[in-house]
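Enquirer: I'd like to go over a predicted model; first the sequence, then the structure.
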Amino acid sequence: MTNEPRLSRRANQDLIDLAKYVARDNPVAAANLLERLEGACQQLADSPSLSFPVDGAAKGLLIWPVAKYVIIYRIEVDMISVLRIVHGARDLGRLLGESQ
């Protein structure tokens, strides 16, 4: 397994959207949030079994909470593939239907 996570276009856009939203009120908090989320993605790439399966989701989808957010990913043959990074209050069932 490689030590670099692969983020989907949607996951990259999620990071941009989250940073812009948080930066409206606090640019420093936005930078810290991005650092924390990117660090968590790296941690998952290094140890992909840290997370747990998503109930009711397609087989192989995993979730890892980071503060108020969740990283949704799957383990591929040689890396992890991050599909989405969203606020934990989102309807994950509906959201995952859109991501697959």
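Expert: Now that the structure is in, tell me what you want to look at. Numbers count the residues shown, from 1 in each chain.
Enquirer: could you use CA atoms for every contact and neighbour count after this?
Expert: Noted.
Enquirer: ranking helices and strands of this protein by mean pLDDT, which lands last?
Expert: helix 92-99 (a mean of 66; mean pLDDT, DSSP states H and E).
Enquirer: what pLDDT does the model give residue 56?
Expert: Among the per-residue scores, residue 56 holds a pLDDT of 58.
Enquirer: and the residue most central in space within the chain, its phi and psi?
Expert: Closest residue to the average C-alpha location of the chain: residue 71 at 2.4 Å, with C-alpha atoms, centre = their mean. Residue 71 adopts backbone torsions of phi -100, psi 120, taken as degrees, to the nearest 10.
Enquirer: what's the closest non-adjacent residue to it?
Expert: residue 85 (4.6 Å; C-alpha to C-alpha, 6 or more residues apart in numbering).
Enquirer: shouldn't that neighbour be within a strand?
Expert: Yes: counting by DSSP: H, G, I helix; E, B strand; the rest coil, residue 85 is part of a strand.
Enquirer: and it, how close does it get to residue 10?
Expert: In this view, residue 85 and residue 10 are 8 Å apart by C-alpha to C-alpha, to the nearest Å.
Enquirer: quick one, which of these two is more surrounded?
Expert: residue 85 (26 against 14; other C-alpha atoms under 10 Å).
Enquirer: per-residue confidence for the more buried one?
Expert: According to the model, residue 85 carries a pLDDT of 95.
Enquirer: for the chain, give me the ranges with low pLDDT.
Expert: Scanning the chain for pLDDT under 70 picks out 1-2, 54-59, 96-100.
Enquirer: helices along that one, start to end?
Expert: 9-23, 27-46, 92-99 (DSSP state H).
Enquirer: and the second one with helix 9-23, angle?
Expert: This means helix 27-46. Interaxial angle of helix 27-46 relative to helix 9-23 (axes from the mean of the first three to the mean of the last three C-alpha atoms, to 10 degrees): 150 degrees.
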